[in-house]
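Peer 1: Take this sequence and fold it.
(chains A, B, C and D)
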There are 2 protein chains.
Amino acid sequence: MAAVVAPDGLVRSSIYEVLRQRFVTGRMAPGSTLSTRSVALELGTSQMPVREALGRLAAEGAVEIRSKRRIVVPRMTVQRFEDLLRCRELLEPEAAVAALDYIDAACLARLELIDEAIGIALANNDVDRYMQENYNFHFTIYRSSPCSTMSQLIETLWLQFGPYMRVVYDSMHTVLLVDQHQLAVSALRAKDAEKLRGAIRADIRDGMGLIGVNSFGTGS
Amino acid sequence: MAAVVAPDGLVRSSIYEVLRQRFVTGRMAPGSTLSTRSVALELGTSQMPVREALGRLAAEGAVEIRSKRRIVVPRMTVQRFEDLLRCRELLEPEAAVAALDYIDAACLARLELIDEAIGIALANNDVDRYMQENYNFHFTIYRSSPCSTMSQLIETLWLQFGPYMRVVYDSMHTVLLVDQHQLAVSALRAKDAEKLRGAIRADIRDGMGLIGVNSFGTGS
DNA sequence: GTCAAGAATCTGAGATCTCAGATAGAACGA
DNA sequence: TCGTTCTATCTGAGATCTCAGATTCTTGAC
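Peer 2: Okay, here's the model as predicted:
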């Protein structure tokens, strides 16, 4: 990859953004390791900003600084999965409702465009694209509200289960995934808070619910 | 302060811990600035681990890397306050309920000890001690559950409103604060989930509710 | 006395150096 | 051929150097 060119102070955030995207869209395999040097080499910077970006990701639970001299993408455990699921179910429906008053026609149009892309990705079994657009769909909604702290918390959750969801999706054919987003869009259009809560909840359960307990790795 | 002595890899976390405690207990004034050099000098290390600790605090919203060359403790705004309050009300009651099955007699005893300390701090108008023990009370409960992600999210919230709560408490006499913790303890003892939810919600509303909108700074 | 221009200082950020611990692979002995 | 040990390499972490931008203080002109 080309060197990250950014005028002072932005190198770090650029690197963080690049890595964050990889996590959210599941391009980081659970159990795989990272090194500051290799990422720095790949992105054409020194270790420094990479260290800071990885430090932040570690704080958010996306990576784990394993005892000594090893940065790994943590494997999922039943415990952690349930923990994450519970947090998502608590926060995301409310974040969507909080955004209800701020979704305008332009935003709705954008959401439908994204949903279309999701449909195509599902048909083509394009997991990469699906995860990217699914992320876009949810955060286009959440970030419409002025509750930036809540969006931030939710982002942390996605960062953690992204790598794992990818493993799950890869192990099945994407046509099995039902597109629940239409419900959410119509609830947003109708400004129906309760219906919106239900739609988001259904989407979360649908995406994460198809995971059997035996889907989990050894958790080592 | 004495130099932070720690064998490899722990200097950074030590510094983070020290700073985190200061935020949670409100020893960082909103609007005040920090510099990596001054903190490094104070703690007897180089700038490096301080940078990483501050970077993490910035990611958690506790400090703000203001445009260029300035790290400040952000002032509170009405918007942000409501955002934080909403997140607390969503997460904390559930975190307490999640801990319900894991609170044993020893833990209850510890909670009552903390509550005693809170009573004394309130009587002595000791804001420092009050905030410290109030933090201990809540997180003794939350961290009893295996939902570490949820506790983590809540920690982020406390980090953000800590500095601000201190300002509020300082501007009033602490005897005005009602100690709502007894209710929570008895709900824990009775294993009554609904009562516990109510107690935590009451405690949050009680602590944050006495804040008039005019309590907020200019937000500059 | 007031205000503006310039210099000195401060500060965050990136790069580089170094070190210690950990891992993996090679080599040697049984 | 297998197992143990030793070494070479890798990696995270702290320290130090440097730079550019920003702030602040001084100074000088009006």
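Peer 1: Return the residues in contact with the closest residue to A:Tyr130 other than its chain neighbours.
Peer 2: Spatial nearest neighbour of A:Tyr130, chain neighbours left out: A:Ala121 (4.0 Å); criterion: CB to CB, 6 or more residues apart in numbering or on different chains. C-beta here means a position set from N, CA and C on the backbone, and glycine is covered the same way. Applying CB atoms under 8 Å, 6 or more residues apart in numbering or on different chains to A:Ala121 gives the contacts A:Val127, A:Arg129, A:Tyr130, A:Glu133, A:Thr174.
Peer 1: ok, of those, which come out buried?
Peer 2: Among the contacts of A:Ala121, the ones that count as buried by 16 or more other CB atoms under 10 Å in any protein chain shown are A:Val127, A:Arg129, A:Tyr130, A:Glu133, A:Thr174.
Peer 1: Let's have the residues you listed in a markdown table, adding distance to A:Leu91.
Peer 2: Formatted as a markdown table, the buried ones among the contacts of A:Ala121 follow (distance: CB to CB, whole Å):
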| residue | distance to A:Leu91 |
| --- | --- |
| A:Val127 | 25 |
| A:Arg129 | 26 |
| A:Tyr130 | 22 |
| A:Glu133 | 21 |
| A:Thr174 | 26 |
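Peer 1: Isn't A:Arg88 up against A:Ile154?
Peer 2: Yes. The pair A:Arg88 / A:Ile154 is scored as a contact, 7.4 Å apart, by CB atoms under 8 Å.
Peer 1: sorry, back to before: from the contacts of A:Ala121, which ones fall inside helices?
Peer 2: Residues of these located in helices (DSSP state H): A:Val127, A:Arg129, A:Tyr130, A:Glu133.
Peer 1: Looking at those residues, which one is closest to DNA strand D?
Peer 2: Closest approach to DNA strand D among those (CB to the nearest atom of the strand): A:Val127, at 26.9 Å.
Peer 1: Please report the distance of the closest residue to the closest one other than its chain neighbours from B:Ser35.
Peer 2: Excluding the flanking residues, the one nearest A:Val127 by CB to CB, 6+ apart is A:Tyr169, at 4.9 Å. Distance, A:Tyr169 to B:Ser35, by CB to CB, to the nearest Å: 46 Å.
Peer 1: Can you check what angle separates the helix or strand where A:Ser151 lies from helix B:148-170?
Peer 2: A:Ser151 belongs to helix A:148-170 when assigned by DSSP states H and E. Angle, helix A:148-170 to helix B:148-170, by axes from the mean of the first three to the mean of the last three CA atoms, to 10 degrees: 180 degrees.
Peer 1: now for helix A:148-170, which elements pack on it?
Peer 2: In terms of contacts (3 or more CB pairs under 8 Å, 6 or more residues apart in numbering or on different chains; DSSP states H and E), helix A:148-170 is packed against helix A:11-24, helix A:78-99, helix A:127-142, helix A:193-209, helix B:78-99, helix B:148-170.
Peer 1: Relative to DNA strand C, which of the ones you listed is closest?
Peer 2: helix A:11-24 (3.0 Å).
Peer 1: on contacts alone, who are the packing partners of the next helix or strand after the closest one?
Peer 2: Later in the chain than helix A:11-24, the nearest helix or strand by DSSP H and E is strand A:33-34. Where contact means 3+ CB pairs under 8 Å, 6+ apart, strand A:33-34 is packed against strand A:71-72.
Peer 1: before we move on, the earlier item: surely the residue nearest to A:Tyr130 forms part of a helix?
Peer 2: Yes. The assignment for A:Ala121 is a helix, going by DSSP: H, G, I helix; E, B strand; the rest coil.
Peer 1: Which pLDDT value does the model give it?
Peer 2: We note a pLDDT of 91 for A:Ala121 in this prediction.
Peer 1: Relative to B:Glu112, how far out is it?
Peer 2: 55 Å.
Peer 1: Among A:Tyr169 and B:Ser35, which residue is more densely surrounded?
Peer 2: A:Tyr169 (21 against 14; other CB atoms under 10 Å in any protein chain shown).
Peer 1: In contact with the spatially closest residue to A:Ala184 that is not a sequence neighbour: list those residues for me.
Peer 2: Closest residue to A:Ala184 apart from its sequence neighbours, by CB to CB, 6+ apart: A:Ala199 at 4.0 Å. Neighbour list for A:Ala199: A:Ala96, A:Gln180, A:Leu183, A:Ala184, A:Ala187 [criterion: CB under 8 Å, 6+ apart].
Peer 1: tally of neighbours for the residue lying closest to A:Arg70 once chain neighbours are set aside?
Peer 2: Using CB to CB, 6+ apart and skipping residues adjacent in sequence, the residue nearest A:Arg70 is A:Thr33, 6.1 Å away. Counted with other CB under 10 Å, residues neighbouring A:Thr33 total 12.
Peer 1: pretty sure A:Thr33 is touching A:Arg69, no?
Peer 2: No. The pair formed by A:Thr33 and A:Arg69 falls short of the contact definition of CB under 8 Å, at 10.1 Å.
Peer 1: Give me the domain ranges for chain A.
Peer 2: A:11-72, A:78-214 (automatic domain parsing).
Peer 1: Distance to DNA strand D added to those, as CSV?
Peer 2: Converted to CSV, those look like this (distance: least, CB to the nearest atom of the strand, whole Å):
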stretch, distance to DNA strand D
domain A:11-72, 3
domain A:78-214, 17
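Peer 1: any chance of the ones you listed in CSV, plus distance to B:Met150?
Peer 2: Output for the domains of chain A, formatted as CSV (distance: least, CB to CB, whole Å):
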stretch, distance to B:Met150
domain A:11-72, 11
domain A:78-214, 6
